[in-house]
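Colleague: Mind folding the following:
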Amino acid sequence: MVAGFLLAAYAVVANDSIQTLGTFLSSNAHRPWWALWIFASGILCAVLAYGWFVHDGDVSYGRLTNFPVPEGGISWIHVIPPLALLFLTRVGVPVSTTFLVLTVFTISNLQAMLTKSLLGYLVAFVVAIVVFRLVFKRATEYFHRTRGEAIPRYWVVLQWSSTAFLWSQWLIQDLANIFVYLPRQLSFSWLAFGVLVLIAMQGYIFYTFGGVIQKIVLSKTDTTDIRAATIIDFIYGLVLLVFKEVSNIPMSTTWVFLGLLAGREFALSMYLADTGFKRTLRNVSMDALKALSGLIVSVILALGLPYLNRLLFGS
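Modeller: A predicted model of the protein is given here:
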């Protein structure tokens, strides 16, 4: 149980959280890593504490309601998915931890999670195109034209605020992928253990500036600009907030993230001279293929591991 939690905690923080905090990291690279770490850790503690108090020890905010603790407890087949996630993260694949981790616990929920995640990708994609093509077109052109120039200080406040909002919404969605390995109603000691582990692992990710997955964020247009990063974070957080209210079925925040960046890149390719449509299509297609490969791995593990367990141990 503890081994599964530790592996899932590191894998999810390394893969998924950087998709949420990536623009924050890239646009604040000039600041001390520990200052960014303290800021993000404070929000993490607040979200965990609120969920624990309000939901009677359930820090997943009800997202594990349909994922009971397996009969007989956590076994080796539940530890394999985080290991696979660690490998995929190392090679830079933005895989969905929701599919990879949770489907091994209850594959019957895969269709509902897949439907919600696909809808999340499409909504984020369309919203990004509309917003960056129609609403923020002139602002985006101005940001692109004035890259490297001094930026008013109020943008720092706006960006840190949008990051706090997005980070809290992501935690509410994805904490289930980590705490699925622990009791559904956490005691205070389990809560404290979880908080310390997540803070420590998050510190390592901040210290290494996001690792391999951060390259996906840096490959997108102007994500190191604090103004562009602010808008991206706010829209991402709004989409997650909407889907949080729709149902408590877990969804892939990775797919929402990729949909948002894809829609934004297509919108920018329509009016920025140095952002070509063909290059954008190629980059977006590669990201989508990587996400699809993660889904395929998830299904293979969810179906294959229980079969292998029965074959080896007869149970």
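
Colleague: How about stretch 81-97, which residues are buried there?
Modeller: Residues of stretch 81-97 classed as buried by neighbour count (16 or more other C-beta atoms under 10 Å): 81-82, 84-85, 88-89, 93-97. (Each C-beta comes from the backbone N, C-alpha and C, glycine too.)

Colleague: What is the distance between that stretch and the centre of its chain?
Modeller: Mean-position distance between stretch 81-97 and its chain equals 12 Å (C-alpha atoms, centre = their mean, to the nearest Å).

Colleague: Provide the contact partners of that stretch at residue level.
Modeller: With contact meaning C-beta atoms under 8 Å, 6 or more residues apart in numbering, stretch 81-97 is reached by 4, 7-8, 10-12, 14-16, 19, 100-101, 104, 117, 174, 177, 211-213, 215-216, 252, 254-255, 257-258, 287, 290-291, 293-295, 297-298, 301.

Colleague: ok, of these, which come out buried?
Modeller: 4, 7-8, 10-12, 14-16, 19, 100-101, 104, 117, 174, 177, 211-213, 216, 252, 254-255, 257-258, 287, 290-291, 294-295, 297-298, 301.

Colleague: any weak-confidence spans in the stretch 101-250 of the chain?
Modeller: Filtered on pLDDT under 70, the stretch 101-250 of the chain yields the residue ranges 210-224.

Colleague: change it to 90
Modeller: The stretch 101-250 of the chain contains residues with pLDDT under 90 at 101-111, 114, 128-156, 159, 163, 174, 184, 201-236, 243-250.

Colleague: So which residues of it form helices?
Modeller: 110-130, 137-145, 154-179, 188-207, 214-218, 226-246 (DSSP state H, counting those that start in this stretch).

Colleague: in the second one, what's buried?
Modeller: Of all the residues in helix 137-145, those buried under the rule 16+ other C-beta under 10 Å are 137, 140, 143-144.

Colleague: coming back round to it: TSV for the buried residues of stretch 81-97, including distance to Tyr204?
Modeller: Shown next, in TSV, are the buried residues of stretch 81-97 (distance: C-beta to C-beta, whole Å):
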residue	distance to Tyr204
Pro81	21
Pro82	16
Ala84	20
Leu85	16
Leu88	18
Thr89	13
Val93	20
Pro94	19
Val95	20
Ser96	22
Thr97	17
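
Colleague: Out of the residues you listed, list just those in strands.
Modeller: Assignment to strands by DSSP state E places none of the buried residues of stretch 81-97 there.

Colleague: Confidence-wise, which of those residues comes last?
Modeller: Within the set of the buried residues of stretch 81-97, pLDDT is lowest for Pro94 (64).
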